[in-house]
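> Okay, here's the prediction I keep looking at, along with the sequence it came from:
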Amino acid sequence: MGMTQRIRIASRASAMATAQVNWLMAEITRMSPGTVPEFVPITTAGDTWTGPLTEVGGKGAFTSAVARAVLDGRADLALHCAKDMPGDEPEPDGTVCLYPRRDDVHDVLVHPAGTKLDDLPAGTRIGTSAPRRIAQLAASHPHLTVVPVRGNADTRLGLTRSGDVDAVILALAGLRRLGREAEATEIIDTDRMMPALGAGQLALQIRADDHDLLDVLTPLTDPAATRAALAERTLLRALAGHCHAPIAGHATAHAAGELYLAARVYTPNGSAMLAAARTGPDPQTLGRAVAQDLIAQGANDLLASSRRR
Ligand SMILES: NCc1[nH]cc(CCC(=O)O)c1CC(=O)O
């Protein structure tokens, strides 16, 4: 290389995404002092649109617009939340994803008075729009009222202050990145609220032939997180899932190279649930096997009823 290496990082510019970029730029500078990271903010139709996301191409429109900057040569790296990368669209040719250490995967309740989920009275309005959260909440706490909310994590937090909702459910990892972890009033255990596939996981997407950048980023990657992410991505793709589908799942890397992957598929109202779990050494084989277990139980029919509306 010799010369100073510019690393242009494409990302959305929400408060959470900006915090993620700042973290990555600091890590890159720390690991490779000879590099100069730059932020290339990407605004998508979904950022300004306040109506249903499905009308602007769904959640996947965000990540594909960010990835396009790398494919077009406007950026060197696309920074995504793995959770927001759909599994029902073809992966663009010629890119690879690298996975740094995983953050916390839990969802949390934010209730201004600190009341716990199990103590909330009937009719309490819970703000969330994730079908995965809605289905699990309806299954475990049918007496609560789900209020669909859209917008960034900071917008959602504001809704408890304004009284639009009584409480919200959010990802702990997102709150941490915003420096607002203290507002979480209850960590919901993963048995009651199984995380999204890719929860708490950042993905660094680069051109597969960008060997200089691969060298810079390799020290940032985490082998266990990478194996878990591959298992979860494979499962999501095998189910053609996306974040409008009530799919939950979580891979954990065991010692001795074994991986454990558990997953659930719900009906939108939580009235039925399919579950599968397996252990195995190879992430992709494991992801496909758990998907097959779910499909054998009827996952495709269940998911067909909740396809992008
Ligand atoms: N759907 C938006 C989104 N994408 C990733 C996170 C949180 C951070 C992560 O899990 O990586 C969030 C916010 C939330 O669900 O509360």
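It's in.

> Go ahead and confirm residue 291 touches residue 239.
Yes: with contact defined as C-beta atoms under 8 Å, residue 291 reaches residue 239; the gap is 5.4 Å. Every residue, glycine included, has its C-beta placed from N, CA and C.

> Between these two, which contacts overlap?
By the contact definition C-beta atoms under 8 Å, 6 or more residues apart in numbering, residue 291 and residue 239 are jointly contacted by residue 299.

> Residue 85 reaches residue 202, doesn't it?
No: taking contacts as C-beta under 8 Å, residue 85 lies outside contact range of residue 202: 10.8 Å.

> The two: who's more crowded?
Set residue 85 next to residue 202 and count neighbours by other C-beta atoms under 10 Å: residue 85 wins out with 28 against 25.

> what sits against residue 250?
Taking C-beta under 8 Å, 6+ apart as the test, what residue 250 contacts is 105, 190, 194, 195, 197, 199, 232, 261, 262, 263.

> what's the answer for residue 16, then?
When contacts are counted by C-beta under 8 Å, 6+ apart, residue 16 is found next to 152, 153, 154, 174, 177, 178.

> tell me the average confidence for the helix or strand where residue 30 lies?
Following DSSP states H and E, one finds residue 30 within helix 15-31. Per-residue pLDDT values over helix 15-31 give a mean of 97.

> Work out the gap between that helix and the centre of the chain.
Relative to its parent chain, helix 15-31 has a centroid offset of 17 Å by C-alpha atoms, centre = their mean, to the nearest Å.

> Show me what counts as buried in that helix.
15, 16, 17, 18, 20, 21, 24, 25, 28 (16 or more other C-beta atoms under 10 Å).

> circling back to that earlier point, in strands, which of the contacts of residue 250 fall?
In strands, defined here by DSSP state E, the members of these are 261, 262, 263.

> thinking residue 157 is in contact with residue 110, fair?
Yes: Residue 157 is within contact range of residue 110, at 6.4 Å (criterion: C-beta under 8 Å).

> Which residues are in contact with each of those two?
Joint contacts of residue 157 and residue 110 (C-beta under 8 Å, 6+ apart) are 168, 170, 183.

> Just the buried residues from those residues, in ChimeraX please.
Here is the ChimeraX command that selects the buried residues among these (16+ other C-beta under 10 Å):
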select :168,170,183
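
> Can you give me the domain assignment for the protein?
1-100+201-221, 107-188, 222-309 (automatic domain parsing).

> As JSON lines, those domains with distance to the ligand would be great.
Listed next are the domains of the chain as JSON lines, based on distance: least, C-beta to the nearest ligand atom, whole Å:
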{"stretch": "domain 1-100+201-221", "distance to the ligand": "4"}
{"stretch": "domain 107-188", "distance to the ligand": "3"}
{"stretch": "domain 222-309", "distance to the ligand": "6"}
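
> which of these is buried the deepest?
Greatest average neighbour count among the domains of the chain goes to domain 222-309 (a mean of 19), per mean count of other C-beta atoms under 10 Å.

> State the mean pLDDT of that domain.
Computed over domain 222-309, the mean pLDDT rounds to 92.

> same check, this time on stretch 137-148
96.

> In CSV, could you pull the C-alpha coordinates for that stretch?
The C-alpha trace of stretch 137-148 is given here as CSV (Å, rounded to 0.1, in the frame of the first residue of the first chain):
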residue,chain,number,x,y,z
LEU,A,137,-45.9,-10.8,23.4
ALA,A,138,-49.4,-11.9,22.3
ALA,A,139,-48.5,-15.4,23.2
SER,A,140,-47.0,-14.6,26.6
HIS,A,141,-49.1,-11.6,27.6
PRO,A,142,-52.4,-11.6,25.7
HIS,A,143,-53.9,-9.0,28.0
LEU,A,144,-51.5,-6.3,26.8
THR,A,145,-52.3,-4.0,23.9
VAL,A,146,-49.7,-3.7,21.1
VAL,A,147,-49.5,-0.2,19.5
PRO,A,148,-47.6,-0.2,16.1
